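S.K.: Next one to model:
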Amino acid sequence: MGLKVKVLDHPYIQAILTVLRNKDTKQIEFRKSLVRMGRAFGLEMIKDFETEEVYVETPLGVKAKGLKIKGVDKVVIVTVLRAAWPMVEGLIKIFPQARQGIVSARRVEEKGMSPNGRFDVEISYARIPNISSDDIVILVDPMVATGSTMETILRKVVEKGRAKKYAIVSVITTPHAIERLSEVCDELGIDAVMYTASIDPKLNDKGYIVPGLGDAGDRAFGG
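M.R.: Numbering: from 1, shown residues only. The predicted model follows:
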């Protein structure tokens with residue numbers, strides 16, 4: 001049990017990340033880039049799905065060998081509002097049959113970050129579908145900094161049932177968050193894969209990722 005991390009180094013993903021990091025990228029382009037990132041992540045994640053060989057008949061009456069991706073009809077995507085919304089828009093292009101959950105969560109930053117790098121997390125709304133043992137759950141939050149929010153949501157999702165697989169999708173994360181979420185997965189007795197475009201080296205004293213890309217929600221939605 002535990003957390004496996006996959007850094008998606010595809011040139012297209014890394015080029016989008018560069019646009020997102022740029023302080024001169026305007027709101028609309030930033031949001032569109034998150035949508036593109038979500039779609040690109042989905043295509044990379046599909047590589048880890050099971051497949052089976054199938055045969056279909058073409059309009060010429062000839063059998064052709066093909067491929068079926070198993071489990072795409074068992075996907076549950078959990079959106080962490082508000083920053084994850086554009087990424088989920090992109091992911092849905094790849095997983096159009098996905099059931100969706102929504103969680104509105106925020107770090108209680110006015111209390112500050114604890115000495116061990118944690119924040120209290122306040123959830124004001126949560127609507128998560130019931131989870132079955134053959135589901136593949138994808139939790140989406142563009143910035144996983146301390147892991148505080150993701151830990152809280154992961155625990156809430158597990159309360160809805162044990163899935164076949166868990167995936168965490170983030171544009172950027174940190175070694176601190178990875179270590180913390182690994183411990184949480186061990187505690188919960190689950191396996192999860194984190195897909196990210198970058199593991200940035202540190203957090204500042206306010207718990208923001210450095211170099212990071214700023215506040216993804218504010219930049220995508222205009223403050």
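S.K.: my guess is residue 188 meets residue 156, correct?
M.R.: No: Residue 188 lies out of contact with residue 156 (C-beta atoms under 8 Å); the separation is 11.3 Å. C-beta: built from backbone N, CA, C; applies to glycine.
S.K.: Name the residues of stretch 80-96 that are buried.
M.R.: 80-81, 83-92, 94-95 (16 or more other C-beta atoms under 10 Å).
S.K.: taking those one by one, which sit in helices?
M.R.: 85, 86, 87, 88, 89, 90, 91, 92, 94 (DSSP state H).
S.K.: Quick one: distance of the top helix by length along the chain to the chain centre.
M.R.: If you go by DSSP H, the chain has its longest helix at helix 27-46. How far helix 27-46 lies from its chain's middle: 11 Å, per C-alpha atoms, centre = their mean, to the nearest Å.
S.K.: State the distance from residue 101 to residue 45.
M.R.: 17 Å (C-beta to C-beta, to the nearest Å).
S.K.: Max pairwise distance over the ones in helices among the buried residues of stretch 80-96: which two?
M.R.: Farthest pair in those (C-beta to C-beta) is 85 and 94. Separation: 16.0 Å.
S.K.: Where do the helices of the protein begin and end?
M.R.: 11-21, 27-46, 85-94, 148-159, 175-188, 216-221.
S.K.: gap between stretch 123-138 and the chain center?
M.R.: 14 Å.
S.K.: no wait, stretch 215-223
M.R.: Per C-alpha atoms, centre = their mean, the centroid offset for stretch 215-223 relative to its chain is 17 Å.
S.K.: With stretch 172-191 instead?
M.R.: 14 Å.
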